[in-house]
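A.B. asks: this is the structure alone, sequence omitted:
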């Protein structure tokens, strides 16, 4: 996996933090942490999108964020478990993984070595 896809993965994981922060932040420090997470997440996604297909990057980023946020809400914050919700998240993740597998990054298309 090249560095740009690692950036997408990290951006998606940080997205989970800031989305949860938007819902649960209750003091200045928590709001500051949420704002910093937003900045970090968007910095990472912008950097990766400079070298990877934007549509695929965005789909992977939002898929990670959506699945992670729903899972975290269920596991940590008492959101009710609904089988249909979990199945639909699975369909979403299958689509995201499929997009990643069929999309070559620019370095691979140009015959360059990934960093």
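C.D. replies: Happy to help now that I have it. Quick caveat, the model's predicted, so the values are computed rather than measured.

A.B. asks: drop to CA atoms for contacts and neighbour counts, all remaining ones
C.D. replies: Fine.

A.B. asks: how close does the residue nearest to residue 56 when sequence neighbours are not counted sit to residue 92?
C.D. replies: Spatial nearest neighbour of residue 56, chain neighbours left out: residue 99 (6.3 Å); criterion: C-alpha to C-alpha, 6 or more residues apart in numbering. The spacing between residue 99 and residue 92, counted by C-alpha to C-alpha, to the nearest Å, is 11 Å.

A.B. asks: which of the two has more neighbours?
C.D. replies: More crowded of residue 99 and residue 92, by other C-alpha atoms under 10 Å: residue 92, with 19 against 16.

A.B. asks: give the next helix or strand downstream of the helix or strand encompassing residue 59.
C.D. replies: Secondary structure from DSSP states H and E places residue 59 in helix 54-76. Remark: after helix 54-76, the chain's next helix or strand is helix 83-102, criterion DSSP H and E.

A.B. asks: what does that next one contact?
C.D. replies: With C-alpha atoms under 8 Å, 6 or more residues apart in numbering as the test, helix 83-102 has contacts from 56, 59-60, 63-64, 66-67.
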